[in-house]
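Enquirer: curious how this folds, go ahead:
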Amino acid sequence: MLNLTNLQTKGYDELIEIDGEVVYQVFAIKKSNEIYITYYYTVPKNKLDQAEDYEIEEFNEFNEFELAIKHIQSKGANLSRFNVFKGNKPL
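Expert: A predicted model of the protein is given here:
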């Protein structure tokens with residue numbers, strides 16, 4: 001089970017092949033008081049140098065932890081890979 005303390009961001013990034021194309025993805029979730037913020041980012045690896053034209057970036061807020069988890073999983077996130085972000089955080 002994923003546990004979050006207030007103002008903590010957990011998630012991961014990865015390169016993964018989807019439908020024959022390698023894409024870079026980031027999944028994250030943050031608790032801020034009683035709001036849960038999810039973050040999803042994806043861009044084809046071969047378009048990283050032109051990311052602003054090809055990226056998809058989504059921020060969503062939820063009042064319930066379970067809804068936030070269901071949403072980020074619907075984007076393809078694997079909760080067992082979530083860990084505390086070190087360095088630059090997306091949220």
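Enquirer: gap between the two ends of stretch 68-79?
Expert: Here the two ends of stretch 68-79 are set 12 Å apart, with distance taken as Cα to Cα, to the nearest Å.
Enquirer: mean confidence for it?
Expert: For stretch 68-79, the mean pLDDT works out to 96.
Enquirer: show me the longest helix that occurs in the protein.
Expert: Criterion DSSP state H: the longest helix present in the chain is helix 65-74.
Enquirer: name the next helix or strand downstream of that helix, please.
Expert: Along the chain past helix 65-74, the next helix or strand (assigned with DSSP states H and E) turns out to be strand 83-84.
Enquirer: list of residues touching that following strand?
Expert: By Cβ atoms under 8 Å, 6 or more residues apart in numbering, the residues outside strand 83-84 that reach it are 8-12. From N, CA and C alone the C-beta is placed, and that goes for glycine too.
Enquirer: go again with 7 Å.
Expert: Identification of contacts with strand 83-84 by Cβ atoms under 7 Å, 6 or more residues apart in numbering yields 8, 10, 12.
Enquirer: stretch 62-71 too?
Expert: Residues contacting stretch 62-71 (Cβ under 7 Å, 6+ apart): 2, 29, 34-36, 38, 60, 79.
Enquirer: buried stuff in it?
Expert: With burial defined by 16 or more other Cβ atoms under 10 Å, the residues of stretch 62-71 counted as buried are 62, 68-69, 71.
Enquirer: please identify which of those is nearest to residue 22.
Expert: Each of these was checked against residue 22 using Cβ to Cβ; the closest is residue 71, at 24.4 Å.
Enquirer: and the closest one, how far from residue 52?
Expert: When distances are taken as Cβ to Cβ, to the nearest Å, residue 71 and residue 52 turn out to be 24 Å apart.
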